[in-house]
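Participant: Return a 3D structure for these sequence lines:
(2 chains)
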2 protein chains.
Amino acid sequence: MRYALYYWPGIPDRGEFVRLALEAGGAGYEDVARLPGREGGGVRALMRRMEEATVRHRPFAPPYLGAGRLLIGQTANILLYLGPRLGLMPVDQANRLWAHQLQLTIADFVAEIHDVHHPIASSLYYHQQKREARRYAGHFLAERLPRFLGYFEQVLGANARGRGYMVGRALSYVDLSMFQLIGGLHYAFPNAMARIAADVPGLLALHQRIAKHPRLADYLASERRLDFNENGIFRHYPELGP
Amino acid sequence: MRYALYYWPGIPDRGEFVRLALEAGGAGYEDVARLPGREGGGVRALMRRMEEATVRHRPFAPPYLGAGRLLIGQTANILLYLGPRLGLMPVDQANRLWAHQLQLTIADFVAEIHDVHHPIASSLYYHQQKREARRYAGHFLAERLPRFLGYFEQVLGANARGRGYMVGRALSYVDLSMFQLIGGLHYAFPNAMARIAADVPGLLALHQRIAKHPRLADYLASERRLDFNENGIFRHYPELGP
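Facilitator: This is a model prediction of the structure:
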């Protein structure tokens, strides 16, 4: 099966959680919107596929994945589909539910991270909601960041026989998403992450270890990997992260 | 299987999406935190079960479901588990993924609805973020409400052979959640819903039809059903919904 990933070009964001699974799983895929227009790529191709699907199973927003005749939306849903096909999900039912539950909790966290710079409306620019963003960021860094990371650190520690993986005893899409999450937080909030480092040693070690996974190390060094930047979810605005 | 639902007493919120599935599916269940303390209920029981699970599969937040030895968190994940067991999910894989995708899109919408009255921090009271809430609500009602409801109306219409159901040709948990969503929006934003009514006739009809489902009609008339109120996600603050 050759997959087609549809996501906004230029920002890693939610598409990257899917891309990491495709790369670590060694899947063949087109990154459609990042292909040149003359090869059928670009934002136009992204929108066209969504519009074509108007009649049946149209996604609300990118990312979505073409897999044969299926068009699958919602990041965690895509990973639920890809997990068993790419060997990135535990085999027993209890751990599959658990992996998905953690992925959904990561998704909740990512939505809150987005809102740090867009607390009022996604349709406004950051500079139009800067005052509210500063107030949101204060609560986020004091309350939500430690709560989510403390939770995930506890989950990792409780999986004592897991050899450092989040779920079960092998690499899963949850580890890949946690890698991306920690990387994004380092980028966006370096000071807050430095302050919290001693409380989340397991997650920081996981972040470093995942980067050395052979397929991922290749990918991360390639041009396919997108850097974090100020158009995406993980933004570094010094005024928001004292 | 007898289930145990764990959710905050006194507010419908995310627990209600699970409760509706249990009720429509005719499942036996305890609504643990709503039992009296002397019968092992109350918020204390809610917290205790979460703390007991510290070592393994501890949920981040309610709702969670006890099912035998499993403790399952995240609303959409619970419904993914319950769906096939209660006959509330399509049988073919493509429609199962699609149902879950829609449920996750509902969850995204619910999170934005929550933020209408809490755009800055859940740890603050509404009156402490009233100014930001008014600004958020303006964008929400003008942009997000029509966008989400328009999408779901289109999904419903595209399921032309579905006899008025969101997915496939039979009642699923997605219909139940849509019922709750529309009811909550009517409660919280009666004026905006009146203005948009002509654009979403299918969803409004679905809302009325689901309420007449025999098991649900019984449930809705019972004391087990919780009313919307200003401690929950769907709040009616006239100043936010002109």
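
Participant: longest helix of chain A?
Facilitator: Secondary structure of chain A per DSSP state H: the longest helix is helix A:93-117.

Participant: got the angle between it and helix B:93-117?
Facilitator: 40 degrees (axes from the mean of the first three to the mean of the last three CA atoms, to 10 degrees).

Participant: any idea how far helix A:93-117 is from the chain center?
Facilitator: Here helix A:93-117 is found 9 Å from its chain centre; the criterion is CA atoms, centre = their mean, to the nearest Å.

Participant: who's in contact with the lowest-mean-pLDDT helix or strand in chain A?
Facilitator: The weakest-scoring helix or strand in chain A, judged by mean pLDDT, DSSP states H and E, is helix A:42-52 (a mean of 84). Helix A:42-52 is contacted from outside by A:4, A:6-9, A:32-33, A:35-37, A:58-59, A:62, A:64, A:66, A:71, using CB atoms under 8 Å, 6 or more residues apart in numbering or on different chains. For glycine as for every other residue, the C-beta is placed from the backbone atoms N, C-alpha and C.

Participant: Moving C-terminal from the longest helix of chain A, which element do we reach first?
Facilitator: Next along the chain after helix A:93-117, taking DSSP states H and E as the criterion, comes helix A:130-139.

Participant: ok, so what distance separates the nearest residue to A:L104 once chain neighbours are set aside from B:P63?
Facilitator: The shortest distance from A:L104 to any non-neighbouring residue, by CB to CB, 6 or more residues apart in numbering or on different chains, is to B:Q74 (4.2 Å). Here B:Q74 is placed at a distance of 8 Å from B:P63 (CB to CB, to the nearest Å).

Participant: what about these two, which has more around it?
Facilitator: Using other CB atoms under 10 Å in any protein chain shown, the more surrounded residue of B:Q74 and B:P63 is B:Q74, with 27 against 23.

Participant: Please give me every residue in contact with the more buried one.
Facilitator: Contacts of B:Q74 by CB under 8 Å, 6+ apart are A:100-101, A:104-105, B:59-60.

Participant: That one and B:E16, how far apart?
Facilitator: Going from B:Q74 to B:E16 by CB to CB gives 15 Å.

Participant: Of the contacts of helix A:42-52, which belong to strands?
Facilitator: A:4, A:6, A:64, A:66, A:71 (DSSP state E).

Participant: Which pLDDT value belongs to A:N77?
Facilitator: On pLDDT, A:N77 comes in at 98.

Participant: Is it correct that it is in contact with B:T105?
Facilitator: No - counting by CB atoms under 8 Å, A:N77 stays clear of B:T105, with 9.6 Å between them.

Participant: Between these two, tell me which one has more neighbours.
Facilitator: A:N77 (27 against 22).

Participant: so what's that one closest to, chain neighbours aside?
Facilitator: B:Q101 (4.9 Å).

Participant: Tell me the helices and strands packed up against the longest helix of chain A.
Facilitator: helix A:75-85, helix A:130-139, helix A:145-158, helix A:173-188, strand B:70-73, helix B:75-85, helix B:93-117 (3 or more CB pairs under 8 Å, 6 or more residues apart in numbering or on different chains; DSSP states H and E).

Participant: quick one: low-confidence ranges for chain A?
Facilitator: Residue ranges of chain A with pLDDT under 70: A:53-55.

Participant: okay, now the domains of it?
Facilitator: Domain assignment for chain A by automatic domain parsing gives A:2-85, A:93-240.

Participant: ok, A:E223 - how many residues close by?
Facilitator: Neighbours around A:E223, by other CB under 10 Å: 6.

Participant: just A:N191 next, same as before
Facilitator: Neighbours of A:N191 (other CB under 10 Å): 11.

Participant: Now it. Nearest residue, chain neighbours left out?
Facilitator: A:G241 (5.6 Å).

Participant: Could you find the closest non-adjacent residue to A:G15?
Facilitator: A:Y7 is the one closest to A:G15 (CB to CB, 6+ apart), at 2.8 Å.

Participant: For that neighbour, give me phi and psi.
Facilitator: Per-residue torsions, A:Y7: phi -160, psi 160 (degrees, to the nearest 10).

Participant: Name the residue closest to the centre of chain A, please.
Facilitator: A:F17 (3.6 Å; CA atoms, centre = their mean).

Participant: And it, which helix or strand is it part of?
Facilitator: Counting by DSSP H and E, A:F17 is part of helix A:13-24.

Participant: swap in A:E30?
Facilitator: Using DSSP H and E, A:E30 falls in strand A:28-31.

Participant: Contacts made by that strand with the rest, please.
Facilitator: Under CB under 8 Å, 6+ apart, the answer for strand A:28-31 is A:1-5, A:7, A:19, A:22, A:224.

Participant: partners of it in the sheet?
Facilitator: Take DSSP bridges as the rule and strand A:28-31 pairs in its sheet with strand A:2-6 (parallel).

Participant: buried stuff in the strand it pairs with?
Facilitator: For strand A:2-6, burial by neighbour count (16 or more other CB atoms under 10 Å in any protein chain shown) applies to A:3-6.

Participant: now swap in stretch A:184-196 and tell me
Facilitator: Neighbour-count burial for stretch A:184-196 flags A:184-189, A:192-193, A:196 (criterion: 16+ other CB under 10 Å).

Participant: among these, which are within reach of chain B?
Facilitator: Near chain B, judged by CB under 8 Å from any CB of the partner chain, there are no entries from those.

Participant: returning to that earlier point: which ones are touching the residue nearest to the centre of chain A?
Facilitator: The neighbours of A:F17, taking CB under 8 Å, 6+ apart as the test, are A:75, A:79, A:106, A:173, A:176-177, A:180.

Participant: Next, the angle helix A:93-117 makes with the helix holding A:F17.
Facilitator: 140 degrees.

Participant: Please tell me how far helix A:13-24 is from the chain's geometric centre.
Facilitator: 7 Å.

Participant: now swap in stretch A:230-242 and tell me
Facilitator: 16 Å.

Participant: Which residues outside it are in contact with it?
Facilitator: Contacts of stretch A:230-242 (CB under 8 Å, 6+ apart): A:10-14, A:110, A:113-114, A:116-117, A:126, A:130, A:133-134, A:137, A:141, A:184-185, A:187-192, A:228-229.

Participant: Looks like A:N229 contacts A:P9 (just checking).
Facilitator: No - between A:N229 and A:P9 there is no contact under CB under 8 Å: 11.9 Å.

Participant: So for those two, which residues contact both of them?
Facilitator: In contact with both A:N229 and A:P9: no residue, using CB under 8 Å, 6+ apart.
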